[in-house]
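>>> Sequence plus predicted model, see below.
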Amino acid sequence: MNAARALLGIHVPGTTLWHRLGVGWKYLVFLALTIPAVFGTPALVLAMLAVTLVLVATTRAPLRLAWGMPWALVILFAFVAGYHLLFGEPAMAIKVVGTTLTALYAGRLILITTPMPVLIDALVTAVRPLRPLGANPERFGLAVAVLVRSIPYVIASFGEVRDAARARGVERNPLASVTPVVVQAVAYARTTGDALMARGLGDDDPDEAPTPRH
C-alpha cells in the first residue's frame, strides 16, 4: 500500500452514517475522541483508542486502509514506547503512543468518509467570521490544500531516497537520507510557489484568491 495512503487514509465512497454526516459533526467527533485522550488517564487513552478503531471500522473501508499504517511509523511508535518503558514509565508510553494513534485514526475517520474539497470548503467557511480581524479564509484554505498535497510528496521522497541510499550502500548515513529529501522538499515548495504566483494567487487582494478545488 502507498505510504501516503497508509498514513493519511483516502476517501472511500460509501453510504454509511459517516458518509452522510455533515463535515462539521465529523470535526466535533474528532475533538470528542482526541481531547479525552490528551487529558485522560492511560486507561482512558486505551479506551478512546479502542472506540476510535471501532468507529473507523464502521466506515466499511477495507481494514488494511482503515487501520494500516506505514512500517516506518510502526517502528517509530515502537521506539518511543520502548524508550519510556526502558526508563520505567509505562504510563507515559501509553499516553504518548495511544494519544497519537487516537488522533491519527480519528482524523482518518474524517478523511475516509469525506472528499478533500468538502473538508477544505468547511475550513474556509469556519474561518470566514474572522475576516474582520484580518484573516483571509480563501488563502487559509489554499494553504491547507497545498500542505495536504505536499505530505504524500515528502513521504514518497523519503522512500525514493532510502532506496537509492540502500543501493549505494550508505543507508546508515543519516545525511545520505535526509539531505536529498530536504533539497527535494525545498525545490517542490519553490515550484509550487512559482505556479501559484503565475496564476495570480500571490497577489495581496484577498478577493482574487479563489477557494481551492481538487
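That came through, no problem.
>>> pull the CA atoms of stretch 47-62 into PDB?
Provided in PDB are the C-alpha atoms of stretch 47-62 (Å, rounded to 0.1, in the frame of the first residue of the first chain):
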ATOM      1  CA  ALA A  47     -10.500   3.100  25.800                       C
ATOM      2  CA  MET A  48     -10.600   6.100  23.400                       C
ATOM      3  CA  LEU A  49      -8.200   4.300  21.000                       C
ATOM      4  CA  ALA A  50     -10.400   1.200  21.100                       C
ATOM      5  CA  VAL A  51     -13.500   3.300  20.400                       C
ATOM      6  CA  THR A  52     -11.800   5.100  17.600                       C
ATOM      7  CA  LEU A  53     -10.700   1.900  15.900                       C
ATOM      8  CA  VAL A  54     -14.200   0.500  16.100                       C
ATOM      9  CA  LEU A  55     -15.700   3.700  14.600                       C
ATOM     10  CA  VAL A  56     -13.200   3.700  11.700                       C
ATOM     11  CA  ALA A  57     -14.100   0.100  11.000                       C
ATOM     12  CA  THR A  58     -17.800   1.100  10.700                       C
ATOM     13  CA  THR A  59     -16.900   3.200   7.600                       C
ATOM     14  CA  ARG A  60     -16.800  -0.100   5.800                       C
ATOM     15  CA  ALA A  61     -13.400   0.800   4.200                       C
ATOM     16  CA  PRO A  62     -11.000  -2.100   3.800                       C
END
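>>> Buried residues, that stretch. List them.
By neighbour count on 16 or more other C-beta atoms under 10 Å, the buried set for stretch 47-62 is 47-49, 51-53, 55-56, 59, 61. C-beta coordinates here come from the backbone N, C-alpha and C atoms, glycine included.
>>> isn't P36 right next to M48, touching?
Yes: contact criterion C-beta atoms under 8 Å: P36 and M48 qualify, at 5.5 Å.
>>> give me the low-pLDDT residue ranges for the chain?
Along the chain, segments meeting pLDDT under 70 span 1-9, 144-159, 161-162, 165, 170-179, 181-182, 184-189, 192-214.
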